[in-house]
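Enquirer: Here is a sequence with its predicted model. Questions after.
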Amino acid sequence: MSEPLILGIESTCDETGVALVRGRELLGDVVATSMDEYARFGGIIPEIASRAHLQAFVPTLDAALDRAGVALAEVDAVAVSAGPGLIGSLTVGISAAKALAVSLGKPLYGVNHVIGHLAVDELVDGPLPERFIGLIVSGGHSNLLSIRDIATDVVELGGTLDDAAGEAFDKVGRLLGLPYPGGPHVDRLSRAGRAEAIRFPRGLAAGKDKHRHRYDFSFSGLKTAVARYVESVEDTGGQVPREDVCAGFSEAVNDSLTAKAVQACLDHDCGTLVVGGGFSANSRLRELAAERCAEAGLRLRIPPLRYCTDNGAQIAALGAAAVRAGVAPSPLDFAPDSSMPLGVTVAH
Ligand code: KG4
Ligand code: ZN
């Protein structure tokens with residue numbers, strides 16, 4: 001008998017994603033985004049995002065079914081992001097998922113979007129190992145997780161005390177006058193700079209904090225240090241060396257992320273590090289993670305870029321894992337949870 005066909009729906013932020021997964025095979029996925037609407041505001045406007053989800057949902061669903069070559073009636077279970085995310089955006093996707101599950105008479109799984117960023121790797125690299133460390137980095141999250149089973153046993157080791165990695169990049173992009181979202185622009189400029197030219201601080205890496213916040217991150221002090229540096233150069237009428245600033249800043253962020261992720265693997269006797277989330281597009285993160293994992297004898301798994309940014313496949317993959325593990329479906333009256341905790345994989 002073939003494995004169940006899972007419909008995955010993602011709508012936590014600005015992407016409307018729909019995907020179909022059978023077992024660990026991705027049959028088709030389509031993503032629509034309203035990101036282009038935000039450049040002039042310098043940030044996402046939740047009300048615009050919610051309306052864009054409403055407009056995009058049905059065409060995105062139709063396109064995903066078409067691409068996968070399946071009919072809606074064949075779907076065995078529906079998975080949807082239950083949180084964390086923008087409440088209006090979540091409400092649109094969850095309402096659609098509930099309507100579909102009821103009309104099809106199939107179970108519904110409200111799953112954790114953040115954990116989905118790791119689950120999606122199963123569709124690319126095959127089954128996840130029995131134990132591994134997950135590093136999730138995006139515009140909204142920077143977390144280290146210890147995982148025994150992606151559907152049932154996820155423990156948060158630490159997270160950012162302030163800005164997420166992508167958020168810090170976006171803020172530095174803004175203070176250097178780069179377009180929103182700044183992350184990819186800062187990354188591009190950093191390739192032309194010298195990482196050692198300006199040494200910016202590594203948050204929580206020294207003193208008492210080093211122990212107390214062993215697996216936590218902090219990037220707001222670093223961002224302030226960059227702002228002070230830029231101001232001091234401008235005050236003296238100098239030209240800000242943007243490439244070197246970006247390179248030094250990127251090195252500081254990625255040094256913290258990769259050092260702590262490798263440390264978590266060693267402390268927990270895990271041989272594999274899985275990295276996910278939109279910030280894993282960052283070129284220096286990929287380089288440094290590969291270098292440090294190789295040195296420590298760890299296997300590194302990072303999905304291809306299109307599965308690092310928000311998409312329906314991550315939700316379908318986690319839904320499939322929940323079905324496989326025999327997790328009970330969510331009740332039909334479960335609510336969107338804008339700050340869904342990382343210890344909860346499926347909403348109940
Ligand atoms: O996961 P994602 O698509 O959206 C959520 O945050 O949910 O992540 C987007 C974040 C943005 O902050 C964006 O600027 C950042 O990831 N980002 C990058 C790069 N590509 C995307 N930051 C640094 N370097 C990149 N190459
Ligand atoms: Zn995300």
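Expert: Looks like it came in fine. Numbers count the residues shown, from 1 in each chain. Ligands and ions are numbered 1, 2, ... in the order given.
Enquirer: alpha carbons only for contacts and neighbour counts from here, please
Expert: Will do.
Enquirer: Please look at Glu234 and Val240 and confirm they touch.
Expert: Yes. With contact defined as CA atoms under 8 Å, Glu234 reaches Val240; the gap is 6.9 Å.
Enquirer: Quick one: residues contacting the residue nearest the centre of the chain.
Expert: For the chain, the residue nearest the mean C-alpha position is Gly277 (2.6 Å; CA atoms, centre = their mean). Gly277 is in contact with 114, 117, 136-138, 308-310, counting by CA atoms under 8 Å, 6 or more residues apart in numbering.
Enquirer: let's go with 10 Å and repeat that
Expert: By CA atoms under 10 Å, 6 or more residues apart in numbering, the residues touching Gly277 are 114-118, 135-142, 166, 302-303, 305, 307-310.
Enquirer: cool, Asp153 as well?
Expert: Contacts of Asp153 by CA under 10 Å, 6+ apart are 131, 146-147, 343-345.
Enquirer: Could you identify the most distant pair in those residues?
Expert: Using CA to CA, the contacts of Asp153 reach their maximum pairwise distance at Arg131 and Val344, which is 17.5 Å.
Enquirer: So which of those two has more stuff around it?
Expert: Neighbour count, other CA atoms under 10 Å: between Arg131 and Val344, Arg131 has more, with 19 against 16.
Enquirer: So for Glu234 and Val240, which sits in the more crowded spot?
Expert: Neighbour count, other CA under 10 Å: between Glu234 and Val240, Val240 has more, with 15 against 12.
Enquirer: I'd say the more buried one and Ile198 touch.
Expert: No. Taking contacts as CA atoms under 10 Å, Val240 lies outside contact range of Ile198: 11.8 Å.
Enquirer: Near the residue nearest to Pro181 when sequence neighbours are not counted, how many other residues are there?
Expert: Of all residues not flanking Pro181 in the chain, Asp170 sits nearest, at 5.6 Å (CA to CA, 6 or more residues apart in numbering). Asp170: 24 surrounding residues under other CA under 10 Å.
Enquirer: repeat for the one 4 residues further on
Expert: A total of 17 residues lie near Arg174 under the criterion other CA under 10 Å.
Enquirer: same question, the one 3 residues further on
Expert: The criterion is other CA under 10 Å. On that basis, Gly177 has 10 neighbouring residues.
Enquirer: can I assume Asp216 is in contact with Gly203?
Expert: Yes. Assessed by CA under 10 Å, Asp216 is found in contact with Gly203 at 9.1 Å.
Enquirer: The two: which is more packed in?
Expert: Comparing Asp216 with Gly203 by other CA under 10 Å, the one with more neighbours is Asp216, at 24 against 20.
Enquirer: List the contacts of the helix or strand of the chain with the lowest mean pLDDT.
Expert: Least confident element among the helices and strands of the chain, by mean pLDDT, DSSP states H and E: helix 207-212 (a mean of 86). Helix 207-212 has contacts (CA under 10 Å, 6+ apart) with 203-205, 214, 216.
Enquirer: next helix or strand past the helix or strand that His53 is a member of?
Expert: In the assignment (DSSP states H and E), His53 maps to helix 46-68. Sequence order places strand 77-83 as the next helix or strand after helix 46-68, per DSSP H and E.
Enquirer: could you say what helices and strands that next one packs with?
Expert: Using 3 or more CA pairs under 10 Å, 6 or more residues apart in numbering; DSSP states H and E, the elements in contact with strand 77-83 are strand 5-10, strand 15-22, helix 87-104, strand 108-112, helix 113-119, helix 312-324.
Enquirer: Generate TSV for the ones you listed, with mean pLDDT as supplementary columns.
Expert: TSV is the format used below for the helices and strands packed on strand 77-83 (pLDDT from 0 to 100):
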stretch	mean pLDDT
strand 5-10	98
strand 15-22	97
helix 87-104	98
strand 108-112	98
helix 113-119	97
helix 312-324	98
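Enquirer: Give me the number of neighbouring residues for the closest residue to Leu118 other than its chain neighbours.
Expert: Leaving aside its sequence neighbours, Leu118 sits nearest to Gly276 (CA to CA, 6+ apart; 5.6 Å). The tally of other residues near Gly276 (other CA under 10 Å) stands at 30.
Enquirer: quick one, what contacts Gly276?
Expert: Gly276 neighbours (CA under 10 Å, 6+ apart): 114-121, 134-138, 142, 301-305, 307-310.
Enquirer: at 7 Å what do you get?
Expert: Shown in contact with Gly276 (CA atoms under 7 Å, 6 or more residues apart in numbering): 117-118, 135-137, 302-303, 308.
Enquirer: Can you tell me which of these end up in strands?
Expert: 135-137 (DSSP state E).
Enquirer: For ChimeraX, what selects the buried ones among those residues?
Expert: Selection of buried members from those for ChimeraX, criterion 16 or more other CA atoms under 10 Å:
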select :135,136,137
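Enquirer: tell me which of the ones in strands among the contacts of Gly276 is nearest to ligand 1?
Expert: Val137 (7.1 Å; CA to the nearest ligand atom).
Enquirer: does that closest one really touch Ser280, like I thought?
Expert: Yes. Judged on CA atoms under 7 Å, Val137 makes contact with Ser280 at a distance of 6.4 Å.
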